[in-house]
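Asks: show me how the following folds:
(chains A and B)
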Amino acid sequence: MPELTMTVNGKQVTGSVEGRTLLVQFLRDSLALTGTHVGCDTSQCGACVVHVDGKPVKSCTMLALQADGRDVLTIEGLAKGGELHPMQEAFRENHGLQCGFCTPGMVMASVALVQENPDPSEEEVRHGLEGNLCRCTGYQNIVKSILSAAKVMRG
Amino acid sequence: MSVPEIGQSLPRTEDERFLTGQGNYIDDINLDGQAHAVVVRSTHAHARINAIDVAQALALDGVLLVVTPDDWKKEGFGPMPTKTAIRKGKNDMDLAEPPRHCLAMDKVRYVGEPVALVVAETAAIAIEAAELVDIDYVSLDVVVDPKKALIDGAPQLWDDIANNLCLDFELGDAAATQAAFDKADHVVTLEVFNNRVTAVPIEPRGAVASYSPETDSYLLYNATQNVHANRDTFAESVLGIEKEKLHHIAPDVGGGFGVKNGAYPEPPLILYASKRLGRAVKWINTRSESFVGDTHGRGQDSTVELALNKDGKFIALRTTTIGAIGAFCWTVGPFTPTGGSARTQGGPYGFEAMYYQAKAVFTNTHPMDPYRGAGRPEGSFQIERVVEKAARELGFDPVELRRLNLIPRDALPLKTPMGLDVDCGDFPEVFERTLKLSDRAGFDARLAASREKRLRRGFAIAPYLECTGGGPKEFAGVTFVENGTVDLAVGSQSTGMGHETAMPQILAANLGLPFDDIRYHQADTDKTPIGGGHGGSRNLEVGGSAVLQAAGEVIEKGKVLAAHIFETTPEKITFEDGAFAEPGTNHSMTMREIIDASFDPLTLPDGMEPGGLNVGSTFERGIISVPNGCHAAEVEVDPETGKINIDGYWVVDDFGTIINPMLADGQVMGGVAQGIGQALMEEAYYEEDTGQLVTGSLIDYALPRADDIPNMVLAFYEDAPTAKNPLGVKGAGEAGCCGAPPAVVNAVLDALKDYGIENISMPLTPEKVWRAIHAKG
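Replies: Predicted coordinates for the structure are as follows:
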């Protein structure tokens, strides 16, 4: 089986995978990083969003081998030194999550959204979430969380 | 953290875990040496199984086992019974209940029905092997429309069930209703279609099973909402073992909405496989499998007749429903179109008489089971749509007609003609508050602005009344640990609603303890002797009341201990603000001090063991509660494209006492979003001739996204706590999707009223709206 090396949450990891192994499978099954979730099989739900070289990626739609040599950030690597990332903190404060299953992908997509557009309007946030599904919250508190986190992230 | 209060928006305990990727969902659980299972599902909606050839599948390297219907027959495993409370129909007719086995026996009756189970070393090998299971089907004629299924000569799903009729149900007084119709000045009739949808929690279902030969017992982790009832079904009904031999645990569950309530076939299949292989077995559904392998909801065709006097006063309501239930009764499938939709007929309006009748009908589709609301959203849609039609047809203002007919506050308590006990509330006040929130005064200006953009604008208001349901009993156990923590175990279950926060909040507030002292446990058959799980908006009503009752019992025991320490009698001890005291003396000890003392053998009275404050308390509900409220929606419709934009959304809810407003808001928002999804986007649509599910993936089934759902303005009416339970709560989980579909659909039809469009059936997709506009020219 082919070997690969990548940086995941700041640490270098190596592994051997089948050609068909998806990035999300490598993260979950080989690295036991189970925070990244699989909610569908058609790239619709976005529960599996991680960052690859700083860009949001649906890790169910990328082969592990395509991430060879890249820098991957998952939900487990977002909080630093026991401090929640402002996006995580905003979701907690604003009840931006209920069952928590879409949450890792939602938070990772939201962080990327604000990095790309530091001062988004509500409409831009709603449009920017088109790749992520939530069935619990009705999105209102997710949008509120992102707008509030954007303010903090702008400093 | 300090002592919390009831009514405080306490942030959630579970959030940090979920936000940092530390949640423990079913697919995160891996047992040593586990094998992987994949279900072989029927590709036919109706067919005889001639033969199943597993040779090629077994020959694949890494395949361990293929479980077939023959194995099931050989083992003598039983079917999974329905537990619907409604079992009798008209003329004492018994519910027709065909046997529901975990694998299709001789015939398949819907696409997605499990036919075999493949177990292999890896999930990838199991998927490949499942493709190699060769099933020889002989196709049979298919029926997916319940109206057609009732007709003589329609394809028959079950040889011994004539016309596919599961149950012919009625409630109310047919003769009194007819008499009221006879004397009415007006009768307004409407055909109402309530589209079949499915819950789509973002986490697909799955389970991991293992068997211990040493103890001859099983362990099952399962993404379910109801560990106790499903344990009983799996153990006693299917496997034929004592229920104590099956330890059933639900880890963090990623959403449920009813679809994870029922007893599904996969868990017993992997329990069996784990024993046969002597290895743990894991199974996780794909999303596409979930569409054909999870229960569906709604799916009712109704004729609604409203009788009115000439001044607009309602006098009688008659609803005749045909409800699809799919190929089997499933867990409580026949309940929804019968008792589930009957009880809240008529909503918050006054009637002299009502009659409800429904036929629950088998079709070649996935079986139905509760989906958020389970009958009440259908009832709410029926009354609000016919009221809207009556207003238009008879020339009443829709707001005035509703105002005229709302049950006044001083008429409560009352029993509706459907037998529902409505004890308290103020429907007119809730209605007026909703109107006020929704800024009627500004409507004309907004309408003019829409016209400038060549858009149509409409408004609708939809008061609703629903009721709780689910298991009437709940258990709360409080166990004090010497190091200072308090374990609270309850048999109800959160699948995202925040019980891990709200339930400790109730206990801590009542015992005067810091919130952080409480550790919460749920969904484990070893942690509580009974448990009703999730469903029917029952958690606070039944589970929360059990916690409150348990807190009271702890306090009583604390008084005994305090009296012993103070050298007095328990009747003289008070408990206030977290402290036991003897008035008139300086004797006082905090709850914490009493807990610590309860572990000191030297301070205990006779008969009290160390840790003697522990309690296990069962609460039983007498009468179901009646949440009610009012929704209002304002929409813009683009006649050129049929696209609908919800421009304003307002809700006032009467849930009785609000324990944690933040969580209650979240329940309303999520429920409204699901209601909007049903109104505008979602449909589990079966092709008529083949019984194939056309909307069988997230590409085809339109789930609302962030820009499909508006911001909602929410408020609570808190002046009518119910006396039906000690917390005064009425239930919040399902109300949102009772109010949203009628509010949205009526608002759209209001926007389109100049086109003379009387009805568009849900979902109101842009295409349907455009066609309706253009058909009318």
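Asks: for the closest residue to residue B:481 other than its chain neighbours, name its beta-bridge partners.
Replies: Of all residues not flanking residue B:481 in the chain, residue B:487 sits nearest, at 6.4 Å (Cβ to Cβ, 6 or more residues apart in numbering or on different chains). Backbone N, C-alpha and C define where each C-beta goes, glycine included. Beta-bridge partners for residue B:487, by DSSP bridges, are residue B:479, residue B:519.
Asks: now for residue B:487, how many residues are close by?
Replies: 15 (other Cβ atoms under 10 Å in any protein chain shown).
Asks: quick one: residues contacting it.
Replies: B:477, B:478, B:479, B:480, B:481, B:518, B:519, B:521 (Cβ atoms under 8 Å, 6 or more residues apart in numbering or on different chains).
Asks: so residue B:576 bridges to which residues?
Replies: What pairs with residue B:576, by the bridge criterion (DSSP bridges), is residue B:579.
Asks: pLDDT score assigned to it?
Replies: As predicted, residue B:576 sits at a pLDDT of 96.
Asks: skipping adjacent residues, who's closest to the residue of the stretch 451-600 of chain B found nearest chain A in space?
Replies: Using Cβ to the nearest Cβ, the single residue of the stretch 451-600 of chain B nearest to chain A is residue B:496, 2.9 Å away. Leaving aside its chain neighbours, residue B:496 sits nearest to residue A:99 (2.9 Å; criterion: Cβ to Cβ, 6+ apart).
Asks: buried residues, stretch B:513-524. List them.
Replies: In terms of neighbour count (16 or more other Cβ atoms under 10 Å in any protein chain shown), stretch B:513-524 has its buried residues at B:513, B:514, B:515, B:517, B:518, B:520, B:521, B:522, B:523, B:524.
Asks: in helices only, show me those residues.
Replies: Among these, no member falls in helices (DSSP state H).
Asks: domain ranges for chain B?
Replies: B:15-21+B:471-620, B:31-68+B:103-140+B:203-254+B:260-293, B:296-469+B:624-775 (automatic domain parsing).
Asks: average pLDDT for the last one?
Replies: Read that as domain B:296-469+B:624-775. pLDDT averaged over domain B:296-469+B:624-775 gives 98.
Asks: which residues in the stretch 551-700 of chain B form strands?
Replies: All strands of the stretch 551-700 of chain B, identified by DSSP state E, counting those that start in this stretch, fall at B:574-576, B:579-581, B:588-590, B:615-620, B:628-637, B:644-654.
Asks: what's the answer for chain A, then?
Replies: A:3-8, A:11-16, A:49-52, A:55-58, A:71-73 (DSSP state E).
Asks: as CSV, those with mean neighbour count would be great.
Replies: CSV is the format used below for those (neighbours: other Cβ atoms under 10 Å in any protein chain shown):
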stretch, mean neighbour count
strand A:3-8, 17
strand A:11-16, 12
strand A:49-52, 24
strand A:55-58, 20
strand A:71-73, 20
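Asks: rewinding a little: farthest pair in the contacts of residue B:487?
Replies: B:480 and B:521 (13.9 Å; Cβ to Cβ).
Asks: will you turn the contacts of residue B:487 into CSV that also has distance to residue B:644 and pLDDT?
Replies: What follows is the contacts of residue B:487, written out as CSV (distance: Cβ to Cβ, whole Å; pLDDT from 0 to 100):
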residue, distance to residue B:644, pLDDT
B:477, 49, 98
B:478, 50, 98
B:479, 52, 98
B:480, 55, 97
B:481, 55, 94
B:518, 45, 97
B:519, 46, 97
B:521, 45, 98
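Asks: give me the residue from chain A nearest chain B.
Replies: Closest contact between chain A and chain B, by Cβ to the nearest Cβ, is at residue A:35 (1.9 Å).
Asks: ok, now which ones touch that residue?
Replies: A:74, A:75, A:76, A:104, B:20, B:21, B:22, B:23.
Asks: how much space between the spatially closest residue to it that is not a sequence neighbour and residue B:276?
Replies: Counting by Cβ to Cβ, 6+ apart, residue B:21 is the residue found nearest to residue A:35 once chain neighbours are left out, at 1.9 Å. Distance of residue B:21 to residue B:276, computed by Cβ to Cβ, to the nearest Å: 35 Å.
Asks: and the residue nearest to the spatial centre of chain A, how close does it get to residue B:420?
Replies: Centroid check for chain A by Cα atoms, centre = their mean gives residue A:108 as the closest residue, at 2.9 Å. Computed as Cβ to Cβ, the residue A:108 to residue B:420 distance reads 46 Å.
Asks: for residue B:574, same thing?
Replies: 40 Å.
Asks: residue B:247 now?
Replies: Residue B:247 is 39 Å from residue B:420, by Cβ to Cβ.
Asks: residue A:150 too?
Replies: In this view, residue A:150 and residue B:420 are 47 Å apart by Cβ to Cβ.
Asks: could you give the number of residues near residue B:243?
Replies: Neighbour tally, residue B:243, other Cβ under 10 Å: 16.
Asks: show me which residues of the stretch 51-200 of chain B sit near chain A.
Replies: Within the stretch 51-200 of chain B, the positions near chain A by Cβ under 8 Å from any Cβ of the partner chain are B:124, B:199, B:200.
Asks: just confirm the second one contacts residue B:256, I think it does.
Replies: Yes. A contact is recorded between residue B:199 and residue B:256 when judged using Cβ atoms under 8 Å, the distance being 7.3 Å.
Asks: and the residue of chain B closest to chain A?
Replies: For chain B, Cβ to the nearest Cβ, closest residue to chain A: residue B:21, 1.9 Å.
Asks: residues contacting that residue?
Replies: A:33, A:34, A:35, A:36, A:74, A:75, A:76, A:104.
Asks: for chain A, which segments count as helices?
Replies: Using DSSP H, the helices assigned to chain A run over residues A:23-25, A:86-93, A:103-116, A:122-128, A:140-154.
Asks: contacting residues for residue 6?
Replies: Picking chain A for this. So residue A:6 contacts A:12, A:13, A:67, A:68, A:69, A:70, A:71, A:72 (Cβ under 8 Å, 6+ apart).
Asks: right idea, wrong chain: chain B
Replies: B:505, B:506, B:509, B:657, B:659.
Asks: okay, and the second one sits in which element?
Replies: Taking DSSP states H and E as the criterion, residue B:506 maps to helix B:499-511.
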